[in-house]
Every structure is written in structure tokens, then in C-alpha cells.
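1. just coords:
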Ligand code: NAD
């Protein structure tokens, strides 16, 4: 019998706990605040930003949004980040990606003070994660680890296979799993014999952005399957990278889309803002 990992419920319980922590911080005169910068009009980004503001409101984290026009220059973006870096009332800064063409997201991430880098994208935090040192861990991988731990799914010694090697999911997740003593393989678009690799995984994570890419033949009986993909279909429905309906009976644990990794990502962002406020 397989179990569906309820990311929505787990995220809710994390937010509840964080709300208490925020109240305690406020009693100590610390008012956690997140600044979000969005450039341009990317539709999906607007939804993500709205969800982040809603989560902040629920938890009691103050929230400032900077909506910049599509034609913003890199220098203007960097100046704004610098201003927010120097603002002592702001504990976390994030730049919503993707940025419009002509703007360099990596340069923007590098400009954010590592102490306010609640997305965990700054090279200092990326490096610290590689060294298994305390840092801001990027939110999606962090949320996945929290889900595995909460459901008591063994990570140590497990064979984990990640499909997707992005800087925001695949690579940091590989480090998180390694830090927890899993044996990790990262696959990508040029990987050969993908099915032969994924079929061996105790924990299979897909982060590629292709609907129903992971089929029943690609998973091992009894495996744990984590679906990071978010694919919006023509009818507006969101589906993951995993062929959920056909796989769910074959595996031990599986995350749904929506209601799996997505809410956990936002909960861990909130966690990082609270952590930044405490360190401030
Ligand atoms: P990306 O779009 O930057 O890169 C995709 C990755 O998939 C690349 O590493 C590529 O090599 C790999 N890939 C593409 N086609 C492949 C194939 N046929 N076989 C093997 N590998 C292949 O990745 P991303 O930004 O990590 O996003 C991936 C998906 O995860 C998207 O659907 C995105 O919307 C979603 N996402 C969800 C959350 C969340 O919170 N749920 C967070 C981040 C990203």
C-alpha cells in the first residue's frame, strides 16, 4: 500500500510553528521582514510572489514588494538590492526569477547579502552547503528533506536519483542528500540509459518540467517518488513530472502535484526568513 505525502498539511503545521516563533521574536522587539523584488510581468512568477506574500501575512512576517518594470536596467536592480542590504529593518531579500532578458539573475543573487539570502542562491551559501556548514539552504531541496524526514523515509544509505541539475533544485538537493549520507546520482538531459538508473532508486526525485515524464517502468517497486515538476496544461490544470495515477500503487511513498513539494517550498522560505531574523 502506498502513502501519499501530504505536503500541504505538513507545510501548514510548519507555518503554525513559525507563527509562534514570530510572535516570540516580536515580543523581543524583532519584527521579521521579507523584501521581494520582481522585475517584469512573468505570469507564473506573479502567482509565486502572491503565494509568498500570503504566507508572510499568515505567519506575521512583514512583507515588502518591489515591482519593477520590464525595462529595468541591471544597475537599477543592483542599487535596489544594495539599498535593501543596508536596511536594518529587512531580514530577508529575494529576487524572483526568471528575470527579463538582458538581466543577469546570478549577478543579482550575488549582490544580496549572504545574511539576507533566504533563497540560498548566493555563492557563499551554495559553498557552505557543499561543505555541510550551517547556511541558508535553498527552499525546494530543504522542503524535500523535511518531507522525507517527517515521513521517516530513510535517507542514510539510500540510493537517491535526481532527474534535473538546476542550480535551484537538482544540484543543491544532491548536496543535501549527500550531507545526509545518501548515495546520489544526478541525471539530466544528456544522461544515457536514464530508465536503467531511475529503476534502481530508493528515492527518485524528478525536477525537469515535463508532464508525466516519469512512467511506471522507470520506478522501482516500493520506491519513494518526489515530484518537483510544475506543468500547467492547456485546461489550466497543474500536473507534475510523474505519471502519478499509474505509479502510485507501485511505490511506497509519492508526492502529489499540486499539494506536495510546492507548499513545502514556501514553508521553508518562511523558515529561512525567521532564521535570518534570529541571526540579525
Ligand atoms: P530547469 O528548468 O532549470 O532545468 C530542467 C532540468 O531538467 C535540466 O537540468 C535538464 O537537464 C533536465 N532535463 C530536461 N529534459 C530532460 C530529459 N528528457 N531527461 C533528463 N533530464 C532532463 O529546472 P528547475 O528550475 O529545477 O525546474 C524544474 C521543474 O520544477 C519545473 O517544472 C519547475 O516549475 C519546477 N519547480 C518546482 C518548484 C516547487 O516548489 N514545486 C520549485 C522549483 C522548480
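-> It's in. Remember, it's a predicted structure, so these values are computed and weren't measured experimentally. Numbering: from 1, shown residues only.
2. Skipping its backbone neighbours, what lies nearest the closest residue to the ligand within the stretch 1-150 of the chain in space?
-> Nearest residue of the stretch 1-150 of the chain to the ligand, counting by C-beta to the nearest ligand atom: residue 140, 4.2 Å away. Backbone N, C-alpha and C define where each C-beta goes, glycine included. Closest residue in space to residue 140, ignoring its immediate chain neighbours: residue 265 at 4.6 Å, by C-beta to C-beta, 6 or more residues apart in numbering.
3. What's the mean pLDDT across whatever helix or strand that neighbour lives in?
-> Using DSSP states H and E, residue 265 sits in helix 261-279. Averaged across helix 261-279, the pLDDT comes to 98.
4. do the same with stretch 184-195
-> Stretch 184-195 carries an average pLDDT of 98.
5. That stretch and the ligand, are they touching?
-> Yes. Contact of stretch 184-195 with the ligand (C-beta under 6 Å from any ligand atom) involves 187-189, 191, 194.
6. For residue 194, which residues are in contact?
-> Applying C-beta atoms under 8 Å, 6 or more residues apart in numbering, we find residue 194 in contact with 163, 187, 218.
7. Could you measure from the closest residue to the second one other than its chain neighbours over to residue 171?
-> Think residue 187. Nearest residue to residue 187, sequence neighbours excluded (C-beta to C-beta, 6+ apart): residue 163, at 4.8 Å. Look at residue 163 and residue 171: by C-beta to C-beta, to the nearest Å, they are 13 Å apart.
8. For the two, work out which one has more neighbours and name it.
-> Using other C-beta atoms under 10 Å as the criterion, residue 163 and residue 171 rank with residue 163 on top: 28 against 19.
9. Now do the strands in the stretch 151-280 of the chain.
-> In the stretch 151-280 of the chain, strands defined by DSSP state E, counting those that start in this stretch lie at 159-163, 183-187, 203-206, 224-227, 231-232, 238-239, 253-254, listed in chain order.
10. which other residues reach the second one?
-> With contacts defined as C-beta under 8 Å, 6+ apart, strand 183-187 is touched by 157-165, 170-171, 174, 177-178, 194, 197-198, 201.
11. please redo it, this time with the cut-off set to 6 Å
-> Residues from elsewhere that reach strand 183-187, judged by C-beta atoms under 6 Å, 6 or more residues apart in numbering: 159-163, 165, 170, 174, 177-178, 194, 197.
12. same thing with the third one?
-> By C-beta under 6 Å, 6+ apart, the surrounding residues in contact with strand 203-206 are 158, 160-163, 198, 214, 219, 223-227, 229, 241-242.
13. Quick one: distance of that strand to the chain centre.
-> Chain-centre distance of strand 203-206: 15 Å, with C-alpha atoms, centre = their mean, to the nearest Å.
14. before we move on, back to that, tell me if the helix holding residue 265 is near the ligand.
-> Yes. Helix 261-279 reaches the ligand (C-beta under 6 Å from any ligand atom) through 261-262, 265.
15. swap in stretch 200-212?
-> Yes. Stretch 200-212 reaches the ligand (C-beta under 6 Å from any ligand atom) through 207-210.
16. same question, stretch 223-232
-> Yes. Applying C-beta under 6 Å from any ligand atom, one finds stretch 223-232 touching the ligand at 228-231.
17. for the stretch 51-200 of the chain, which spans come out with low pLDDT?
-> Residues of the stretch 51-200 of the chain meeting the criterion pLDDT under 70: none.
18. Heading C-terminal from the longest helix seen in the chain, find the next helix or strand.
-> Taking DSSP state H as the criterion, the chain has its longest helix at helix 7-27. Once helix 7-27 ends, the next helix or strand along the chain (criterion: DSSP H and E) is strand 33-39.
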